[in-house]
Structures are given as structure tokens and as C-alpha cells.
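1. Sequence first, predicted model second:
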Amino acid sequence: MKALVFKENLEFVANYPIPQRNTDEALIKVKLAGICNTDREVMKGYKDFHGVLGHEFVGVIEDANDKSLIGKRVVAEINIGCGECDFCKSGMVKHCLNRKCLGLMDKDGCFSEYITMPLNTIHFIDDDISDEDALFTEPLAAAFSAVKDANIQDDENILLIGDGRLSFLIYTSLVYALKGRGKDSAYIKSHVMVKGRHSDKLKLFGEATVTDDISSFKKHFDAVFEASGSDSGIDEAINCTKPRGRIIIKTTRAGKATIDLNAIVVNELKLIGSRCGDFKDALMVLKAHPHLPKTEFFPLEQFKEAFDLKAFKVGFKF
């Protein structure tokens, strides 16, 4: 099968072996796969991973012990726990010390024609969700989890740092949650701000206030989502958060960040790391907010062009 394999560099392989499923797994034919910034960080050394890259996909079950599942459209959670440790038994599979992680840790990813995934990680896609929208399930689940972790209260001021895909999905989840509480567009405009550098991207955040300069908002926000992917993002978050406020950190990088601990201690800030989320939440949001921004698709053979393209979302179509 065709696959993109990362060793020292990312390479296209035309005859990579098709994976053999275990009895508790399904063999899945990948239809679409999305590039995540984490994939780029892996290529810089994050997680020290070698193998088939990629963890965002939409596919169709090609084989499973339960033959009634064949032909079902699916997405799958990326963390595969051991099922035996205390973390797994308490529902914290993403923190299992023996876990595998699709395309990131000890498990070949989805930049290939076929993958295998345990049945307990798989979610079926409703007919009214398109393949293109379903491809956002994994990052949207992570974004929605960040919103839940933030524990937003009424009348709090909220800042999103970053205007990329992850920040937009956090914004989408936040709007979904706020409107679920009966908040209208005027409320969102007055309580949610997005800081970014690209005017074309900022146009997507239609119900929020957008800006490229937050220097005048020192200690203004109750909750700040840091999703910039930049070295300066966490410093901006610390400067803009009210004393005893919360900073929800979404950026993952190959390198290490330098943080002003004095400012965190003196202002009694809470730093909240947030990673993966519940796919059920993401699929619920997708049903309410269909037709997310367009994805630019490439064949696997054109992976260099795909990784070089600066677009809202880029992926591969099989």
C-alpha cells in the first residue's frame, strides 16, 4: 500500500505492508487524512516517533470479526490504552503509561491506504455529516475539551491567542457552549476576543472581536486559550490574564518553552494543559455546525506540496 513514512525524513513508500488486524480490531480503508501541526513537530523531533505519520482520518471499515460493520464510515480516537492500568480503569486512557498513539507513539498512523484500530476507539459517522467535516473530529474533540477544561463562567472575558485551525475550532466549541447557555452574538462579541496576525483568517471568527494587538489588555481576561504555536504566545497569555485567572495551553512543540514563573506565582495564575477530547462531543458539534472551512487535498505522492501549503486545513485524499 501507499504510505508516508517518517524516519530521518518523511518519505513516500509505494509498497508499505498492509497492517494485519487483531481480533479486537477493524481494518480500515482510509478515505481522507488531515495534516496537523503536531505532525510537523514530530518531523522536528517531537515524541521521537518513527513510522507512518498522521492521526486525523475518515475511513471505511473493510474487515472486522463482526461483518455487519463492514462498509461503515468511521473516525477513531488516537489513544490506545492497555486496559489494565489504573489510568485505563478510571477512564483516563489518554494518560495510560503503556499507551500507543496513532501516528505519534508506537502505532503506524493514517497517512496510508489502510490502518487497523481497536473497535473500542471507533466512532461511526452519521449520514448528515460529510467526510470533509468529519475529518475535523479529532482536533475538534481536543478543542471542545479545552473549552470544558476552562470552566467558563457568565460575564467572564475570554481571549484566544492564535488565528489558525486549532484556535478556530476552540472558538467554534466556545460559541456552541455559550449559545447553549442562551448567550447571543452581541454577548459573544463583547466577551470573546481573538488575537491573530492574518486578516484573512481572522474573518472566520465572525462573532468574536478580533485584533492583532493585545498590548493594551494587560490583566484583562479571566480565561485565555493559548493556541498560537509560537514562543511568544505563552508570554502574551501571562500578561493578559487577570490575577487568579486561567490559561489553557494547547500548543505542543518539539522544543521547550521558557516561562516567567514569577508572574505565574505572583498573580496566582492557573495553567491548564489540555490535549485530547471526547469524539462524541466533537460529532455533536459537527451536527450543529456543518460545513467547516474548506480542506485542500493532495494525493500522498504530493506530500511535499501538501506540507508546504499554508492553508486553513490540508490533507490527503485516497
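-> Done, it's in.
2. Just the pLDDT for K287.
-> You'll see K287 listed with a pLDDT of 89.
3. May I ask you to confirm that it belongs to a helix?
-> Yes - counting by DSSP: H, G, I helix; E, B strand; the rest coil, K287 is found in a helix.
4. Distance of it relative to S130?
-> The gap separating K287 from S130 is 11 Å, by Cβ to Cβ, to the nearest Å. To be clear about C-beta, it is placed using only N, CA and C from the backbone, and glycine gets the same treatment.
5. can you check M105 too?
-> To S130, M105 is 30 Å away according to Cβ to Cβ.
6. Kindly report the same for L160.
-> Taken as Cβ to Cβ, the span from L160 to S130 is 26 Å.
7. what do you get for L119?
-> 24 Å.
8. And these two? Which one has more around it.
-> The neighbour count for L119 versus S130, taken as other Cβ atoms under 10 Å, is higher for L119 (18 against 14).
9. my guess is that one meets A64, correct?
-> Yes - counting by Cβ atoms under 8 Å, L119 touches A64, with 6.9 Å between them.
10. in this structure, which helix has the most residues?
-> Criterion DSSP state H: the longest helix present in the chain is helix 165-180.
11. Which residues outside stretch 21-28 are in contact with it?
-> Residues from elsewhere that reach stretch 21-28 (Cβ atoms under 8 Å, 6 or more residues apart in numbering): 19, 57, 59-65, 69, 74, 76, 114-120, 122.
12. Endpoints of stretch 20-28, how far apart?
-> End-to-end span of stretch 20-28 (Cα to Cα, to the nearest Å): 11 Å.
13. show me where pLDDT drops low in this structure?
-> 290 (pLDDT under 70).
14. domains in it, as residue ranges please.
-> 3-136+292-317, 143-273 (automatic domain parsing).
15. Nearest to D281, out of the ones you listed?
-> With Cβ to Cβ as the measure, domain 143-273 is the member of the domains of the chain nearest D281 (4.5 Å).
16. How about K44: what's its closest non-neighbour residue?
-> Of all residues not flanking K44 in the chain, A254 sits nearest, at 3.9 Å (Cβ to Cβ, 6 or more residues apart in numbering).
17. swap that for C276, sorry
-> K94 (4.8 Å).
18. T258 now?
-> D231 (7.8 Å).
19. Looks like that neighbour contacts A257 (just checking).
-> Yes - D231 lies in contact with A257 (Cβ under 8 Å); the separation is 6.5 Å.
20. if we can go back for a sec, return the set of buried residues in the helix or strand just after the longest helix of the chain.
-> Once helix 165-180 ends, the next helix or strand along the chain (criterion: DSSP states H and E) is helix 185-191. For helix 185-191, the neighbour count (16 or more other Cβ atoms under 10 Å) marks 187-188, 191 as buried.
21. CSV please, covering those and showing distance to C85.
-> Below are the buried residues of helix 185-191 laid out as CSV (distance: Cβ to Cβ, whole Å):
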residue, distance to C85
Y187, 43
I188, 41
H191, 41
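22. What is the burial count for the residue nearest to T258?
-> 12.
23. Roughly how far does it sit from I259?
-> Taking Cβ to Cβ, one finds D231 at 10 Å from I259.
24. before we move on, what about F318?
-> F318 sits 41 Å away from I259, going by Cβ to Cβ.
25. How about L69?
-> On the measure of Cβ to Cβ, L69 and I259 end up 46 Å apart.
26. Would you mind listing the residues in contact with H291?
-> So H291 contacts 130, 133 (Cβ under 8 Å, 6+ apart).
27. and it, that one's in a strand?
-> No - H291: not assigned to a strand; according to three-state DSSP it is coil.
28. where do the helices sit along the stretch 51-200 of the chain?
-> For the stretch 51-200 of the chain, helices defined by DSSP state H, counting those that start in this stretch occupy the ranges 86-89, 131-134, 137-150, 165-180, 185-191, 199-202.
29. between these, which gets nearest to R244?
-> So among those, helix 137-150 is nearest, using Cβ to Cβ, at 13.9 Å.
30. helices and strands around that closest one, which ones?
-> Judged by 3 or more Cβ pairs under 8 Å, 6 or more residues apart in numbering; DSSP states H and E, the packing partners of helix 137-150 are strand 56-63, helix 165-180, strand 221-226, strand 241-249, helix 279-288.
31. Can you point out the buried residues in the last one?
-> Of the residues in helix 279-288, those with enough neighbours to count as buried (16+ other Cβ under 10 Å) are 279, 281-283, 285-286.
32. In terms of distance to I214, which of those residues ranks first?
-> V285 (26.7 Å).
33. For the closest one, give me its contacts.
-> V285 neighbours (Cβ under 8 Å, 6+ apart): 140, 144, 172-173, 176.
34. Looking at neighbours, which among the residues you listed is most surrounded?
-> L140 (31 neighbours).
35. Quickly find the element holding F303.
-> With DSSP H and E as the criterion, F303 is inside helix 303-308.
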